[in-house]
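# sharing a sequence plus its predicted fold:
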Amino acid sequence: MRVSLLRKVPAPSSGLLHRTRSSVSGGFHRRIVESFHGQTDQKPPSSSAAQNTSSAETPQQKPTFQPQQQQQQPLIYPSAPSPHHTSLTTFLAYATRTGLDQSSTVYVGTHFEYTTAAALSPYGFSLRRVGGSSDGGIDLLGVWTLPRPAATRSRTAILTTPLRVLAQCKAIQQPGPHLIRELEGAFASAPAGWRGTNGGVIGALVAERLATKGIREALARSRWPMVFVACSRAGYVEQLMWNRRAEDEGLEGYGVGMKYNASGDARELVLTWKGRNLPLGPKETKG
């Protein structure tokens, strides 16, 4: 884990640029080379669900992928980078026991990686920390089992095979578009089960801050399937969005919304299917 510290488009007027705690109503439509999902606010019953739209994709060469719905071999994970901890709980105990400096890059980076893995688990992610001296820039590996909607008559195919996920976690104050390029390179250096040539693999960039304009543009331009996640150091997922290539891998029909309580205060970010909220799962606390 390394720690440090889309033509001009008018800023959207809704959830894409706002944290979970904001209360901006309505939806947004963004057209930047490729479309990607951002978060939309869902107010109490009086407000309607926001819809996501896609724009025409600029012709460009893409990686060759096989159909994603295929029989996958069991995934073989690299060895854990440390024998002393496997979760945030055990890491905190280890840090206390050894007197690890909480301002050190090792502490901050490791803490953020474990925090990210736990924070994303309610959305169907199951991630393991693998970062180390020969990690190829990858901090977390795992799968994303998308929540299944209730019985639906939608003509959109629902993904039944978990997506394989390789993630880079950046506990820095202001992420830039160069991080998207770094993540693109990680596809080639990923372990065998997560190589991006056969489809079904998603790259995830996780940062503490919301995506900048440069990040959004780079994400939309990328020919690789990617998601961007803003996760606070306290473990709150504040933004989740993806590009058109990620839709091609199985995210078509899914979106992101905000669930509010009766008083209108933001509670949490949720996944949606055709505009309808999907339930969150439990947060993993294993270790």
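Received, thanks.
# rest of the way, CA atoms for contacts and neighbours
OK.
# now tell me what touches stretch 138-155 from outside.
For stretch 138-155, contacts defined as C-alpha atoms under 8 Å, 6 or more residues apart in numbering pick out 1, 77, 113, 117, 123-132, 158-159, 161-169, 186, 190, 273, 278-279.
# list the buried residues for it?
Residues 138-147 are the ones in stretch 138-155 that count as buried (16 or more other C-alpha atoms under 10 Å).
# tell me the one of those residues nearest residue 105?
Nearest to residue 105 among the buried residues of stretch 138-155 is residue 139, at 14.1 Å by C-alpha to C-alpha.
# show me what contacts the spatially closest residue to that closest one that is not a sequence neighbour?
Of all residues not flanking residue 139 in the chain, residue 131 sits nearest, at 4.2 Å (C-alpha to C-alpha, 6 or more residues apart in numbering). For residue 131, the contact set (C-alpha under 8 Å, 6+ apart) comprises 1, 80-81, 137-140.
# lowest-confidence entry in those residues?
Least confident by pLDDT among the contacts of residue 131: that is residue 1, with 45.
# from the contacts of residue 131, which land in helices?
Residues of the contacts of residue 131 located in helices (DSSP state H): none.
# before we move on, the earlier item: among the contacts of stretch 138-155, name the ones in helices.
Among those, DSSP H puts 113, 117, 186 in helices.
# would a markdown table of those with neighbour count, pLDDT and distance to residue 90 be doable?
Putting the ones in helices among the contacts of stretch 138-155 into a markdown table (neighbours: other C-alpha atoms under 10 Å; pLDDT from 0 to 100; distance: C-alpha to C-alpha, whole Å) gives the following:
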| residue | neighbour count | pLDDT | distance to residue 90 |
| --- | --- | --- | --- |
| 113 | 28 | 96 | 13 |
| 117 | 26 | 97 | 14 |
| 186 | 22 | 92 | 28 |
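# just flag the most distant two among the contacts of residue 131.
80 and 137 (14.7 Å).
# of those two, which one has the most company?
Higher neighbour count among residue 80 and residue 137: residue 137, with 23 against 14, using other C-alpha atoms under 10 Å.
# which residues touch that one?
By C-alpha under 8 Å, 6+ apart, the residues touching residue 137 are 1, 131, 168, 182-183, 186.
# residue 83: how many residues sit nearby?
Applying other C-alpha under 10 Å, we find 7 residues neighbouring residue 83.
# also residue 125?
Residue 125: 25 surrounding residues under other C-alpha under 10 Å.
# can you show me the helices along this structure?
88-98, 105-120, 178-189, 213-221, 244-246.
# is it true that residue 240 touches residue 229?
Yes. Residue 240 is in contact with residue 229 according to C-alpha atoms under 8 Å; the separation is 4.6 Å.
# just to revisit the earlier point, give me the buried subset of the contacts of stretch 138-155.
Looks like these have 1, 113, 117, 123-132, 158-159, 161-169, 186, 190, 273, 278 buried, using 16+ other C-alpha under 10 Å.
# and the pLDDT at residue 259?
Here, the pLDDT recorded for residue 259 equals 87.
# could you do residue 149 as well?
Reported pLDDT for residue 149: 80.
# what segments of this protein are strands?
Assigned by DSSP state E, the strands in the chain fall at 39-42, 125-129, 140-144, 163-170, 201-207, 226-231, 237-242, 254-260, 266-273, 276-277.
# which one of those strands lies nearest to residue 107?
strand 163-170 (13.1 Å).
# tell me the strands beside that closest one, with direction?
Strand 163-170 has the following strand partners under DSSP bridges: strand 140-144 (antiparallel), strand 201-207 (parallel).
# now those as CSV including distance to residue 109?
Listed next are the strands paired with strand 163-170 as CSV, based on distance: least, C-alpha to C-alpha, whole Å:
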stretch, distance to residue 109
strand 140-144, 12
strand 201-207, 11
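# nearest to residue 224, of the ones you listed?
Closest to residue 224 of those, according to C-alpha to C-alpha: strand 201-207, at 7.8 Å.
# could I get the average pLDDT for that closest one?
Here strand 201-207 scores 97 as its mean pLDDT.
# give me the residues contacting it.
116, 163-172, 175, 179-180, 183-184, 187, 194-195, 224-232, 246, 249.
# tabulate the CA atom coordinates of it in CSV.
Extracted as CSV, the C-alpha positions of strand 201-207 are listed here (Å, rounded to 0.1, in the frame of the first residue of the first chain):
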residue,chain,number,x,y,z
VAL,A,201,-12.9,-8.5,-13.8
ILE,A,202,-13.5,-5.0,-12.3
GLY,A,203,-10.9,-2.6,-11.1
ALA,A,204,-11.7,-0.5,-8.1
LEU,A,205,-10.0,2.8,-7.1
VAL,A,206,-10.8,3.7,-3.5
ALA,A,207,-10.0,7.1,-2.1
